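[1] structural data only, the sequence is not supplied:
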């Protein structure tokens, strides 16, 4: 048997195989030979099986289905990887920190967080990334490209994963479960963030004061207390805020409450008497243009009344003074 394996060994790398057929297939990894071509797009492959799998991209055939959520896949290996979402299996572990992953390339990408390696750089802003895929996704922030669209609501997405998450808002599917409290989530990131409520983990630290946070967004908001940055501005008065939620809450102070007939309801604390109608606070409660027209009409009427009063006083004074000696 050993002599048979030696007979079927690769002359380039020395690796041995049980059959000559497997050896010949392996040799193509060295020679680059791809003898099997797609009749539709012309793409070439090293094995007939790889070509057959590729053909399903054209036919739409997905013969492998998940028994739990009925999602279908073009290959059995893709289905097996998907099943780990339901089982929670993570067979690939980081040798440094022990963190586990459901796929080997997830682990490989994670390892670069320890080494600091970011070999893929953006040609526009020079930002670096651990994987080519992350770089390609980032490039869409410059180009504005959103190649993935929802078949139901038509929303566009720059990442396929975001499109899948959006679909779950339509289907109600929540495939990620908390093992502690059994809450379910539409995305793995939401589940991981939730898990920190149980573990108390706060992996995001402020570089200035070292305060820790459960999410990166919370850390970024906190950083603005140091930098003074207020990126969210009110469209009406220009006041700036560190959080979008604070800006939205403030914006409601400009809203005008209306009655059932869409007539503005004036705040009783604002003096709207005739002699106070020029008060800017009064005009502010009338946001709509047609309401501003109403204000002008009121002001005009008041001005006309004032002229009439002045004419009466003048007439009375003239009559009074004419009787004086």
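    Right, received. Where do you want to start? Since the model is a prediction, treat every value here as computed from it, not as a measurement. Residues are numbered from 1 along each chain as shown.
[2] low pLDDT regions in the protein?
    1-6, 256-325 (pLDDT under 70).
[3] where along it do the helices fall?
    2-7, 20-31, 48-59, 76-87, 104-115, 132-143, 160-171, 188-199, 216-227, 244-251, 280-284, 289-322 (DSSP state H).
[4] could I get these as TSV with distance to residue 153?
    Glycine gets a C-beta too; all of them are placed from N, C-alpha and C. Converted to TSV, the helices of the chain look like this (distance: least, Cβ to Cβ, whole Å):
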stretch	distance to residue 153
helix 2-7	58
helix 20-31	44
helix 48-59	25
helix 76-87	24
helix 104-115	29
helix 132-143	20
helix 160-171	7
helix 188-199	20
helix 216-227	24
helix 244-251	22
helix 280-284	37
helix 289-322	33
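[5] switch those helices over to TSV; also include mean neighbour count.
    Putting the helices of the chain into TSV (neighbours: other Cβ atoms under 10 Å) gives the following:
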stretch	mean neighbour count
helix 2-7	10
helix 20-31	13
helix 48-59	14
helix 76-87	14
helix 104-115	14
helix 132-143	14
helix 160-171	15
helix 188-199	14
helix 216-227	14
helix 244-251	14
helix 280-284	13
helix 289-322	11
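[6] so which of the ones you listed comes closest to residue 150?
    helix 160-171 (5.4 Å; Cβ to Cβ).
[7] center of this structure, which residue is that?
    Central residue of the chain (Cα atoms, centre = their mean): residue 162, 7.4 Å from the mean position.
[8] so who does it touch?
    For residue 162, the contact set (Cβ atoms under 8 Å, 6 or more residues apart in numbering) comprises residue 148.
[9] same question for residue 226.
    Contacts of residue 226 (Cβ under 8 Å, 6+ apart): 206, 208-209.
[10] now do it against residue 220, distance only.
    Counting by Cβ to Cβ, to the nearest Å, the gap from residue 226 to residue 220 is 11 Å.
[11] which residues does the nearest residue to residue 37 once chain neighbours are set aside contact?
    Ranked by Cβ to Cβ, 6 or more residues apart in numbering and with sequence neighbours excluded, the top spatial neighbour of residue 37 is residue 44, at 4.8 Å. Counting by Cβ under 8 Å, 6+ apart, residue 44 touches 34-38.
[12] count the neighbours of the residue lying closest to residue 251 once chain neighbours are set aside for me.
    Leaving aside its sequence neighbours, residue 251 sits nearest to residue 234 (Cβ to Cβ, 6+ apart; 6.0 Å). Using other Cβ atoms under 10 Å, residue 234 has 15 other residues around it.
[13] go through the helices of the chain and name the closest to residue 121.
    helix 132-143 (7.3 Å).
[14] remind me what the closest one packs against, helices and strands.
    strand 120-121 (3 or more Cβ pairs under 8 Å, 6 or more residues apart in numbering; DSSP states H and E).
[15] try it again with 10 Å
    helix 104-115, strand 120-121, strand 128-129, helix 160-171 (3 or more Cβ pairs under 10 Å, 6 or more residues apart in numbering; DSSP states H and E).
[16] from the rest of the structure, what touches it?
    105, 109, 118-125, 127-129, 131, 145-147, 157-162 (Cβ atoms under 10 Å, 6 or more residues apart in numbering).
[17] filter these down to the buried ones, PyMOL style.
    In PyMOL syntax, the buried subset of the contacts of helix 132-143 is picked out as below (16 or more other Cβ atoms under 10 Å):
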select buried, resi 109+120+129+131+157+158+162
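[18] which of the contacts of residue 44 are buried, as a ChimeraX select command?
    Buried residues among those (16+ other Cβ under 10 Å), as a ChimeraX selection:
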select :36
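[19] farthest-separated two in the contacts of residue 44?
    Maximum distance among the contacts of residue 44 (Cβ to Cβ): 12.3 Å, for 35 and 38.
[20] so what sits against both of the two?
    44-45, 51.
[21] which of the residues you listed sits closest to residue 98?
    residue 45 (37.6 Å).
[22] can you give me every residue that contacts residue 110?
    Going by Cβ under 10 Å, 6+ apart, the list of residues near residue 110 reads 92-94, 96-97, 99-101, 130.
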